[in-house]
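Peer 1: Quick one, structure for this:
(2 chains)
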Number of protein chains: 2
Amino acid sequence: MDVFEAIRARRSVRRYKPRPVEREKLERILEAGRLAPSAANRQPWHFVVVTDPSVRDELVMAHERDQFFRSTGDLLRAPVVIVACADRKRAWVRRDGEEYWKVDVAIAMQNMVLCATEEGLGTCWIGAFSPEATRKILGIPDDIRIVAITPLGYPDESPATSDRRTMQEIVHYQHW
Amino acid sequence: MDVFEAIRARRSVRRYKPRPVEREKLERILEAGRLAPSAANRQPWHFVVVTDPSVRDELVMAHERDQFFRSTGDLLRAPVVIVACADRKRAWVRRDGEEYWKVDVAIAMQNMVLCATEEGLGTCWIGAFSPEATRKILGIPDDIRIVAITPLGYPDESPATSDRRTMQEIVHYQHW
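Peer 2: Just a heads-up that it's a prediction; the model follows:
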């Protein structure tokens, strides 16, 4: 699948088949994340990969118990969950204090998302997760930031594209 | 070019040929950015696309004058420069105040970077830019954040891959 085709085909998949993800595909997806560029090549990312159903269920239940994150719990019901984290101490910071760890981790995650699409697998970028519950269940150290989560598995639905703003709204030539 | 191949082939290109970028390719790349997913589908991105050499030269010179950003000035010498911005007011924020505009813009930018790679074009993620100079030259409003910049053009060098941390250092199964 070519890049543009993968970008166009990607959907936020919220229902997954129980069919496991092949180890080889999962490793290829993680490799896509590993190869991402990052500010000053600091690579501040860590990926916690949950394939054990009992750990996954802890994440599902903790989110379902929280009214704000109920729908997130439901969409974590996938054979694999990838939790993308940042080691803020390791990341590059610009002279004016602007931090790049969120950008770096987002680049790596999008590489994984597009690679998964190519492999016929679904994903869903999630920012609406509970950092406290996720940290506790997965034993993520206090100084590590959790940036985003995605389920990973074979899609059990074919969602339509969501709307996008027009080019005229978002592209400016020469000046704003 | 398939997705994994593009991820592997991408390099941070710092020298560009003067050959212009075809309008059709540029528009396809911007479309790749437009189609990115974003938190709550808020699409907080704006792209300022500089193709006018006099505007580009203003960016180059402003960065070269600043000791901290001198090398950035040099690498902006490309036929196209894309400045990726975020409208923070438009972006989604989690209940705990965590903001996602950097993540959203990074996703869109990486879509563009991979699409450019597929089109045979080079890019280079830049965080080491002067927000003040860039804002002033391009007339970017005060409430808009500048997240990253990339030059875009036909590569005039073939850089080697940079080092990456091993899988063992960055991947954790089930728990951290």
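
Peer 1: mind checking the longest helix of chain A?
Peer 2: helix A:101-118 (DSSP state H).

Peer 1: That one near chain B anywhere?
Peer 2: Yes - Helix A:101-118 lies within reach of chain B by C-beta under 8 Å from any C-beta of the partner chain, at A:102-107, A:109-111, A:113-115, A:117-118. Placement of C-beta: from N, CA and C, glycine included.

Peer 1: what angle do that helix and helix B:101-118 make?
Peer 2: Orientation of helix A:101-118 against helix B:101-118 (axes from the mean of the first three to the mean of the last three C-alpha atoms, to 10 degrees) gives an angle of 50 degrees.

Peer 1: quick one: average pLDDT of helix A:101-118?
Peer 2: Average pLDDT, helix A:101-118: 98.

Peer 1: mind checking how far it is from the chain centre?
Peer 2: 7 Å (C-alpha atoms, centre = their mean, to the nearest Å).

Peer 1: now stretch A:63-77
Peer 2: 16 Å.

Peer 1: Now it: buried residues?
Peer 2: A:63, A:64, A:69, A:72, A:73, A:75, A:76, A:77 (16 or more other C-beta atoms under 10 Å in any protein chain shown).

Peer 1: now do stretch A:94-102
Peer 2: Neighbour-count burial for stretch A:94-102 [16+ other C-beta under 10 Å]: A:94, A:98, A:99, A:100, A:101, A:102.

Peer 1: got the contact list for that stretch?
Peer 2: Stretch A:94-102 is contacted from outside by A:38-39, A:44, A:86-88, A:91-93, A:145, A:147, B:68, B:102-103, B:106, B:127-128, B:131, using C-beta atoms under 8 Å, 6 or more residues apart in numbering or on different chains.

Peer 1: what do you get if the cut-off is 6 Å, keeping everything else the same?
Peer 2: For stretch A:94-102, the surrounding residues in contact (C-beta atoms under 6 Å, 6 or more residues apart in numbering or on different chains) are A:39, A:44, A:86, A:88, A:91, A:92, A:93, A:147, B:68, B:102, B:103, B:127.

Peer 1: Where do the strands of chain A begin and end?
Peer 2: Here chain A has its strands, by DSSP state E, at A:45-50, A:80-87, A:122-123, A:144-153, A:171-173.

Peer 1: Report the closest residue of chain A relative to chain B.
Peer 2: residue A:106 (3.6 Å; C-beta to the nearest C-beta).

Peer 1: Could you find the closest non-adjacent residue to that residue?
Peer 2: Among residues not flanking residue A:106 along the chain, residue B:106 sits closest, at 3.6 Å (C-beta to C-beta, 6 or more residues apart in numbering or on different chains).
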